[in-house]
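In: below are the sequence and a predicted model for it; my questions follow.
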Amino acid sequence: MGLVVNLPIILSAAFIATASPGPATLGIASMSAGAGRHRGVAMALGVVTGSLTWSAAAALGLGAVMLANAWILEAVRYAGAGYLLYLAIKSAWSALHPQTLTLGATGLVTPGEAYRKGLLLHLTNPKAILFFGALYSVGVPPDAPSVTLLAVILAVGLQSTLIFLTYALLFSSAAVACLFARVRRAFDGLLAVAFGYASFKILTAHLR
């Protein structure tokens, strides 16, 4: 690279944000354990696509455009909070009605639908563009050439792919799937709380 890029800081911060339990990782875990490996991987790839989209947007300066036009960020904010609230209600319903097939059941979700669910989950998170914007402002010089930005986007994207696919593969194993079947109501309750809390935080956060 022609300019000094603090790639270790970028990857370390991205790793913590990506690997930490949250709506995306919990959603992938639930999909993988409840609907199988193929659907879990499909949802993980949807989340990765959303992550790459926000990463590229931040690298290209679109984050600054969104911040300069507050209504765009607010629209994403309310859409994201609404979608997370919808997921919270679905998870709560599943926890309260264990005999009812859930959104994650094999018969109700195709791999394409699982992919779209993961994609929407990440694209409707307005904090993602702020996170990546801060990440690039700290670790990448403002006059970095396109090849440098591309290299950073690919590095972060590869790391995110490995993390999310690991979640999908781990939680789709036979042992974890059996355990999941026994604690599904509790896990759905946890998802309802996680999605509801994330929705509340997005609605009440001061996005700058």
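Out: Nice, thanks for sending it over.
In: lowest-scoring secondary structure element of this structure by mean pLDDT?
Out: Ranking every helix and strand in the chain by mean pLDDT, DSSP states H and E puts helix 62-68 at the bottom, with a mean of 60.
In: for the helix or strand containing S199, what is the distance to the chain centroid?
Out: In this assignment (DSSP states H and E), S199 forms part of helix 184-204. Helix 184-204 sits 14 Å away from the centroid of its parent chain (C-alpha atoms, centre = their mean, to the nearest Å).
In: return it as CSV; C-alpha atoms alone will do.
Out: Provided in CSV are the C-alpha atoms of helix 184-204 (Å, rounded to 0.1, in the frame of the first residue of the first chain):
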residue,chain,number,x,y,z
ARG,A,184,-35.7,-23.2,22.1
ARG,A,185,-38.3,-21.3,24.1
ALA,A,186,-35.6,-19.7,26.2
PHE,A,187,-33.5,-18.8,23.1
ASP,A,188,-36.5,-17.3,21.4
GLY,A,189,-37.1,-15.2,24.6
LEU,A,190,-33.5,-14.1,24.5
LEU,A,191,-33.9,-13.1,20.9
ALA,A,192,-37.0,-11.1,21.7
VAL,A,193,-35.1,-9.2,24.4
ALA,A,194,-32.1,-8.7,22.2
PHE,A,195,-34.1,-7.4,19.2
GLY,A,196,-36.3,-5.3,21.3
TYR,A,197,-33.4,-3.7,23.1
ALA,A,198,-31.6,-3.1,19.9
SER,A,199,-34.7,-1.4,18.5
PHE,A,200,-35.0,0.7,21.6
LYS,A,201,-31.4,1.8,21.5
ILE,A,202,-31.6,2.8,17.8
LEU,A,203,-34.8,4.9,18.5
THR,A,204,-33.3,6.6,21.5
